[in-house]
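> return atomic coordinates for the entry below.
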Amino acid sequence: MNNLNSILIEGNLVKDPMIRSTPKGTQVCMLRMASSRYYKRDNQSSGFEKEVHYFDIESWARLAELCYAKGKKGRGVRVVGRLKQSRWNDPEGKPRSKVIIVADHVEFRTEFKKDENPAMNISFDEDYNDEPNDEASYAMAEKELERVVF
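Have a look, this model is predicted:
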């Protein structure tokens, strides 16, 4: 039986995605995201503290291509995947390790045009420029609009 290794994380991209190819031609896209958490430090304090964590995400094949095409610095993202630990020895022989997230599923938040009412001006992908004419088509377009599934 396999042990459970699953993660769901939301945040914003802190830099533009980078894509490369393996020697066999498989695409690999690297994303870097920040995820914030707010908490009360103690009961006397009236405000909240902010804690920010940074994560490296790796996506492969078709998902990598889609992440590279849709991702950009500042864009909101939700990632479902698994944790992977890499281990190596540095040039001085000291053991090193790093944990990254390997994405199985990525969703990008809707982008809004600047200086306008976000409820009225959603920037849709090219495939969805035409308004759907029935409820079923509209629901399907809404569901697929910002979802990238591998």
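> from here on, just use CA atoms for contacts and neighbour counts.
Noted.
> need the contact list for the nearest residue to R109 once chain neighbours are set aside.
Take R109 and drop its neighbours on the chain: the residue closest to it by CA to CA, 6 or more residues apart in numbering is G76, 5.0 Å away. Contact analysis of G76 by CA atoms under 8 Å, 6 or more residues apart in numbering lists E10, G11, N12, L13, F108, R109, T110.
> go again using 7 Å as the cut-off
G76 is in contact with G11, N12, L13, F108, R109, counting by CA atoms under 7 Å, 6 or more residues apart in numbering.
> how close does it get to N3?
According to CA to CA, to the nearest Å, G76 and N3 sit 30 Å apart.
> can you check F108 too?
28 Å.
> then R82?
For R82, the distance to N3 - CA to CA - is 11 Å.
> try R96
From R96 over to N3 (counting by CA to CA), the distance is 24 Å.
> more neighbours: these two, which one.
Between R96 and N3, counted using other CA atoms under 10 Å, the more crowded position is R96 (10 against 5).
> any idea what that one is bridged to?
R96 forms beta bridges with W88, as assigned by DSSP bridges.
> can you check what pLDDT the model gives it?
You'll see R96 listed with a pLDDT of 95.
> I'd say it and N89 touch.
Yes. In terms of CA atoms under 7 Å, R96 counts as a neighbour of N89; the distance is 5.7 Å.
> re earlier: quick check: the farthest pair among the contacts of G76?
Across the contacts of G76, the longest distance by CA to CA is 11.0 Å; it joins L13 and R109.
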